[in-house]
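**Student:** Predicted model and sequence below, questions to follow.
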Amino acid sequence: MSKQKVTVVKIGGNVIDKAQDLQLFLQSFAQLEGPKILVHGGGKLATELAERLGVPQQMIAGRRVTDEETLKIITMVYGGYINKNIVARLQALGCAALGLCGADANLLQASKRKVTTHDYGFAGDVERVNGIALEQLLQQGLSLVIAPVTHDGKGQLLNTNADTIAREIALALQKDYAVSLLYCFEKNGVLLDVSDEQSVLQDLDQALLQRLVAEGCVYEGMLPKLENAFTAASGGVDRVQIGHWSHLVAMTAGASGTAIRN
C-alpha cells in the first residue's frame, strides 16, 4: 500500500517582502493537491520595526542574535502579522489554512542554543516535532502555515531557523507519508555559476557538493540550506528539491530546480 503524499514547502523572506511575489507564490501553493504545510521565514519587517523602536540588531554570519527585546519583535512579526497575512491570503484563494507557531499544540519543542564561539541569545534548536498533532490537523483538511518560533517546554519562546523547521517537520512525517520537501527561494536552483541563472544543477549529491565547495562554486550562504536538504534526504524524505518560488508546481514533480540525492 502506497503512502499518502504530503508536501512541505519553505519560503524565504525575499518573497515575503514583496507583496506581488507573495501573492503569486500563494496562488501556486493553494493549487497543490493533497495535504500541505508552508513554513515561512521572516523577511525585513522585523528589522525595520526594531529600528523604529530603537532596538539594536546584531547579525553574525547572516544569523540574527535574538536578545529579549528582539524576541518580542520577532514573535509579533513572524508569529503575528506575517503568519496571519499569509493565512488570510490563502483563505481568499479557497485554501483552508491554519496559522501556527511551534508553541501551538506543542508542535515544535526546542532548546536554547548553547554558547560556543558566539552567543545567539534566544535562538532555538529543534529537539522534538509533534508528528501526531501535525497528522491530526492535516487529516482535517487544513493546510498548515508555520512561523519560525518554537518553545522550550518551560514557557520560553525561541527564534528558530525556518529551513531547519521545514527539515524537521519533513523528517517527522516521512515514516507515515511520502514527503516532498521543497525549498523555494529567488534562485532557479543550485547554480554552477552564481552569475548565470541557467547553470542549474539538476541533481546534487554529497560527492559533487564537496567538489563544488572546493572549487568555490558553492558559497557560504547556500551551505546551511544544503546541509538541511541533505539531512532530510539521508533521513528518508522522498523528494528534496531546491528551486525558484515561481516554479513551485513544477518542483513538486521534479521538473524544476535541483534534486538533492542521498
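**Tutor:** Sure thing, it's come through.

**Student:** and residue 159, what does it touch?
**Tutor:** By Cβ atoms under 8 Å, 6 or more residues apart in numbering, the contact set of residue 159 is 64, 66, 70-71, 74, 121-124, 148-149. Glycine gets a C-beta too; all of them are placed from N, C-alpha and C.

**Student:** which of those residues are buried?
**Tutor:** Among the contacts of residue 159, the ones that count as buried by 16 or more other Cβ atoms under 10 Å are 64, 66, 70-71, 74, 121-124, 148-149.

**Student:** hmm, back to that, ok, so of the contacts of residue 159, who is nearest residue 9?
**Tutor:** residue 148 (13.8 Å; Cβ to Cβ).

**Student:** residues in contact with that closest one?
**Tutor:** 39-42, 78, 101, 159-162, 165.

**Student:** Please dump the residues you listed into CSV; it should also carry distance to residue 4, pLDDT and secondary structure for every row.
**Tutor:** Output for the contacts of residue 148, formatted as CSV (distance: Cβ to Cβ, whole Å; pLDDT from 0 to 100; DSSP: H, G, I helix; E, B strand; the rest coil):
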residue, distance to residue 4, pLDDT, secondary structure
39, 20, 98, strand
40, 24, 97, strand
41, 27, 90, coil
42, 31, 88, coil
78, 29, 97, helix
101, 25, 98, coil
159, 32, 97, strand
160, 27, 96, coil
161, 28, 94, coil
162, 25, 96, helix
165, 22, 98, helix
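
**Student:** Neighbour-wise, which one of those residues leads?
**Tutor:** residue 165 (30 neighbours; other Cβ atoms under 10 Å).

**Student:** Now do it against residue 124, distance only.
**Tutor:** Note on residue 165: its distance to residue 124, by Cβ to Cβ, to the nearest Å, is 10 Å.

**Student:** Return every residue with contacts to both of those two.
**Tutor:** Joint contacts of residue 165 and residue 124 (Cβ under 8 Å, 6+ apart) are residue 150.

**Student:** before we move on, the earlier item: so which pair among the buried ones among the contacts of residue 159 is furthest apart in space?
**Tutor:** Maximum distance among the buried ones among the contacts of residue 159 (Cβ to Cβ): 14.8 Å, for 121 and 148.

**Student:** Under the pLDDT cut-off, which ranges of the protein? List them.
**Tutor:** 1, 62, 220 (pLDDT under 70).
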